[in-house]
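below are the sequence and a predicted model for it; my questions follow.
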Amino acid sequence: MKFYFKQREIHGQSKIITIFEDEKYISLEDILNFELISVDEIIDKVDSVMLGKSSLQEIGNERCLISVTKDGIEISDLFEGIIDDDELYPVVKLSNDEFRKFLLNWKKQKESFMYSTDNL
């Protein structure tokens, strides 16, 4: 999952957004760029299932939902059945371990990007 960060002006404020090179991850991009959900909240949901504290955890925004079970994560488009199929975001499925590692790496890279742009 290759991605990069970009600084953009959104509603008069400078924001750092994530952009994936492969469009099949647009649902994950949508969630990571949604400021009301932190990556730590998502990691907590994954950890809860991985540690056996819960059999299902869900978190999302107005468009996408991450479902975490012992079998892995699935990111689905909540607009399914509302919009045409060719406009839906592809479903993303990953193992919990792979997803958790990705999130930790993403968080570390975002912090590095923020630090480097603060010092420009």
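It's in.

which stretches of this protein form helices?
For the chain, the helices defined by DSSP state H cover 26-32, 39-50, 96-118.

would you mind finding the most buried of these?
helix 26-32 (a mean of 21; mean count of other CB atoms under 10 Å). The C-beta positions use only the backbone N, C-alpha and C, and glycine is treated the same way.

helices or strands up against that helix?
Using 3 or more CB pairs under 8 Å, 6 or more residues apart in numbering; DSSP states H and E as the contact test, the elements touching helix 26-32 are strand 13-20, strand 64-69, strand 72-77.

give me the contacts around it.
1, 3, 18-20, 37, 39, 42, 60-61, 63-64, 66, 75-77, 89-92, 106 (CB atoms under 8 Å, 6 or more residues apart in numbering).

tell me the buried residues within the residues you listed.
3, 18, 20, 37, 42, 60-61, 64, 66, 75-77, 89, 92, 106 (16 or more other CB atoms under 10 Å).

ok, residues contacting stretch 107-120?
5, 7, 16, 18, 39, 40.
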